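Colleague: 3D model of this:
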Amino acid sequence: MPSDKHVQSRARALSSPLRLRILRLCLHESRTNKEIADILELNPATSLHHVRTLVTNGYLEPEEARRGNRGAKEVPYRSTKQSWGTRIPDAAPMLVDTFLQEIDGLAPEEIQVIRVGLKLSEASQKEMMSRLRTVIEDYAMRDPEEDGVATSLFLAHHLDVTGNTPADR
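Modeller: Next up is the predicted model:
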């Protein structure tokens, strides 16, 4: 059984939009710290701090070192997919921020959106979210398809406070 300190450390490691973006970059393709820094327009020392935090907590794993263009040793990192099952307290604002960073610069036609208003009992809401999570988890745990294209999914379920009267809340 993991200690509270271990659980808290793992949750803190995922409490950064930047770290979540690093995990996404390394999900389907191994990347070196320099590649990560270049893609995210970071100082390599900054990205290395975040990479090490993710490695320490088991979310990234180093692969066999290789030689770069100039002969320097490079260590590629790959996501372990362990973040999927980790619960992060009060994660919604950070996940929304991560989503907004990831879509920044995309053209509107590059983002598929579904938005719907519902009025469901608490039991129906729990059932819906459980069913959606099961479907999403099935796809998330599959091996990447060789001819596949890397995509992301962001799902948010929230109260519609503008459509509710005080009696409905």
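Colleague: Nearest residue to the residue nearest the centre of the chain in space, please, no chain neighbours.
Modeller: The chain has Leu20 as the residue nearest its centroid, 4.4 Å off, counting by C-alpha atoms, centre = their mean. Sequence neighbours aside, Thr98 is the residue nearest to Leu20 in space, at 4.7 Å (criterion: C-beta to C-beta, 6 or more residues apart in numbering). C-beta coordinates here come from the backbone N, C-alpha and C atoms, glycine included.
Colleague: Now that neighbour: which helix or strand?
Modeller: Element membership for Thr98, per DSSP states H and E: helix 92-103.
Colleague: Just checking the distance from that helix to the centre of its chain.
Modeller: 9 Å (C-alpha atoms, centre = their mean, to the nearest Å).
Colleague: hmm, who's touching that helix?
Modeller: Ser15, Ser16, Pro17, Leu20, Arg21, Arg24, Ile88, Ile111, Ser152, Phe154, Ala156 (C-beta atoms under 8 Å, 6 or more residues apart in numbering).
Colleague: Closest one of those to Glu63?
Modeller: Closest approach between these and Glu63, by C-beta to C-beta: Arg24, at 17.3 Å.
Colleague: could you pull out the strands for this structure?
Modeller: 31-32, 60-62, 66-67, 73-74, 76-79 (DSSP state E).
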